[in-house]
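> Turn this into a model:
(one chain, ligands or ions: 1)
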Amino acid sequence: MTIQEIYQLAIKMGIEADFRGKSAIEKLLKRTKEKYEKLAPKEKEEFDKEKFKNPFSDTRIHVDLGRRKIKKILAGIDIEVGEILLADRLGDIDLVIAHHPEGKALAGLDEVMKLQADVLNMYGVPINIAEALLKIRIEEVSRKISPINVNETVDAAKLLGIGFMNVHTPCDNLVAQFLKEKIEKEKPETVEEVLDLLKEIPEYREASRIGLGPKLFTGNPENRTGKIALTEITGGTEGSPKIYEKMAQAGIGTVVGMHISEEHRKEAEKAHINVIIAGHISSDSLGMNLFLDELEKRGIKIIPCSGLIRVKRFK
Ligand SMILES: [Fe+2]
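You can find the predicted model right below:
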C-alpha cells in the first residue's frame with residue numbers, strides 16, 4: 001500500500017463507523033463543495049480541497065512518499081520529534097502514524113467537533129441546543145490551538161524523508177462503534193456492569209495494570225445506568241460543560257467517555273449523570289488497533305510506540 005491508499009482506507013473506515021451515517025456525511029461533503037464554489041478566487045486558493053472527500057479535519061497526510069510501497073510503520077498515540085528520530089534510528093521505517101493530530105490536522109481539530117452535535121442529537125438532545133452550546137466551545141478550542149507550533153514534528157519528518165500522517169477521528173469513531181455494539185449486545189443494567197464489560201477489553205485490562213483502567217468519575221457502582229450515551233468518545237476533544245443538564249433532560253443516565261476535565265465532571269455530577277471513564281490512551285489504542293489490524297492484514301509490519309497498547313484482533 002502507498003501512504004495515499006492507507007489514508008483512503010482510514011477515511012473509509014472512519015465514515016463506515018461514524019454515528020452520523022453515510023448519507024449524512026455525503027450530504028456534508030456535498031455542502032462543502034457547494035460552499036467552495038461560492039467562494040472568491042482568493043478564498044478558493046486557501047481552501048483545503050481534501051475537505052471534498054475527507055469529512056475529518058483532524059486526519060491528514062503530512063509527508064507523502066508518493067508511490068513508495070509501505071512495508072513498516074511506526075505507530076503511536078502522540079508523535080513528536082523524538083519519535084521521528086526514533087523512526088530514523090530504527091532505520092527501516094517508511095511511515096510514522098500518529099493518532100493525535102499534528103500540522104494542518106491539529107489546526108483543524110475544532111472543525112471536527114461539529115460531529116458531537118449530531119451524536120448528542122442521536123441520543124435525544126435537540127439539535128439546536130447541541131449546536132448552540134457546541135459553537136461556543138468550538139470557538140474556544142480554535143483560539144486555544146491558534147498559538148501552537150503545529151508543524152514542529154512535520155518539519156522533522158520532512159527533513160529526514162520519513163512518511164508521516166495522523167488518523168484521529170476515524171479511529172475514535174471505531175472505538176465509539178465498537179463500544180456501542182458491545183454495550184447493546186451485553187445490555188448492562190448497572191454502572192458496575194458497564195465497568196466490568198469494559199475491563200474485558202484487552203487494552204483496558206492492560207491499562208488497569210498501571211492503574212489507568214476504566215473508572216467511575218461520578219455516580220455509584222450500584223446505580224442503574226439508564227440510557228447509556230457514547231457522546232464523549234469521538235468528536236475531536238471535550239465539548240461544552242453546559243451540555244450535561246441538557247443530556248439529563250434528554251433522558252441520558254450514563255456517559256461513557258475517554259477522559260473528562262474536572263469542570264465537566266462537576267457539571268455531570270450536578271446533573272446526576274453517571275460518568276464512566278474508560279481511559280484515554282487505552283481507548284486511543286483500541287481505535288488505532290482496529291485500524292492498524294487492516295494494514296497488518298495487508299502485509300504491513302506495525303511497530304507500536306508512544307503509549308500505543310498494540311492488540312491484534314485477527315489470526
Ligand atoms: Fe486522544
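
> For residue 93, see how far away residue 309 is.
According to C-beta to C-beta, to the nearest Å, residue 309 stands 20 Å off from residue 93. Glycine gets a C-beta too; all of them are placed from N, C-alpha and C.

> In terms of packing, which of these two has more residues around it?
Using other C-beta atoms under 10 Å as the criterion, residue 309 and residue 93 rank with residue 93 on top: 24 against 21.

> who touches the more buried one in this structure?
Going by C-beta atoms under 8 Å, 6 or more residues apart in numbering, residue 93 touches 72, 73, 74, 87, 162, 303.

> and what of residue 192?
Residue 192 touches 221, 222, counting by C-beta under 8 Å, 6+ apart.

> coming back round to it: tell me which two in the contacts of residue 93 are the farthest apart.
Greatest spacing in the contacts of residue 93, by C-beta to C-beta: 162 and 303 (12.9 Å).

> Which one's more surrounded, the two?
residue 162 (20 against 17).

> tally of neighbours for the spatially closest residue to that one that is not a sequence neighbour?
Nearest non-adjacent residue to residue 162, counting by C-beta to C-beta, 6 or more residues apart in numbering: residue 87, 5.3 Å away. For residue 87, the neighbour count with other C-beta under 10 Å is 27.

> Is residue 87 in contact with residue 156, as I believe?
No: contact criterion C-beta atoms under 8 Å: residue 87 and residue 156 do not qualify, at 9.6 Å.

> ok, residue 15 to residue 169 distance?
Distance of residue 15 to residue 169, computed by C-beta to C-beta: 10 Å.

> quick one: which of those two has more around it?
Applying other C-beta under 10 Å to residue 15 and residue 169 shows that residue 169 carries more neighbours, namely 29 against 20.

> and the nearest residue to the more buried one once chain neighbours are set aside, how far is that from residue 279?
The spatial neighbour of residue 169 that comes closest, neighbours along the chain excluded (C-beta to C-beta, 6+ apart), is residue 56 at 4.4 Å. Between residue 56 and residue 279 the computed distance is 22 Å (C-beta to C-beta).

> Residues in a beta bridge with residue 301, which ones?
Counting by DSSP bridges, residue 301 is bridged to residue 72.

> Determine the number of other residues adjacent to it.
Using other C-beta under 10 Å, the number of residues around residue 301 comes to 14.

> Next: the one 10 residues further on.
Neighbouring residues of residue 311 were enumerated by other C-beta under 10 Å; the total is 18.

> wait, what's in contact with it?
Contacts for residue 311 (C-beta under 8 Å, 6+ apart) come out as 202, 203, 206, 285, 286, 289.

> Ramachandran angles for the first one?
Reported as degrees, to the nearest 10, the phi and psi values for residue 202 are phi -50, psi -40.

> Just give the number of residues close to it.
Counted with other C-beta under 10 Å, residue 202 comes out at 17.

> Figure out the helix or strand that the closest residue in space to it that isn't next to it in sequence lives in.
In space, and not counting its chain neighbours, residue 202 is closest to residue 311: 4.6 Å by C-beta to C-beta, 6+ apart. Under the assignment given by DSSP states H and E, residue 311 is not contained in any helix or strand.

> what do you get for residue 240?
For residue 240, there is no host helix or strand (DSSP H and E).

> how close does it sit to residue 87?
From residue 240 across to residue 87, the span is 38 Å (C-beta to C-beta).

> again, but for residue 268
Where residue 87 is concerned, residue 268 sits at a distance of 40 Å (C-beta to C-beta).

> Let me know the secondary structure of residue 217.
Of the three states, residue 217 takes strand according to DSSP: H, G, I helix; E, B strand; the rest coil.
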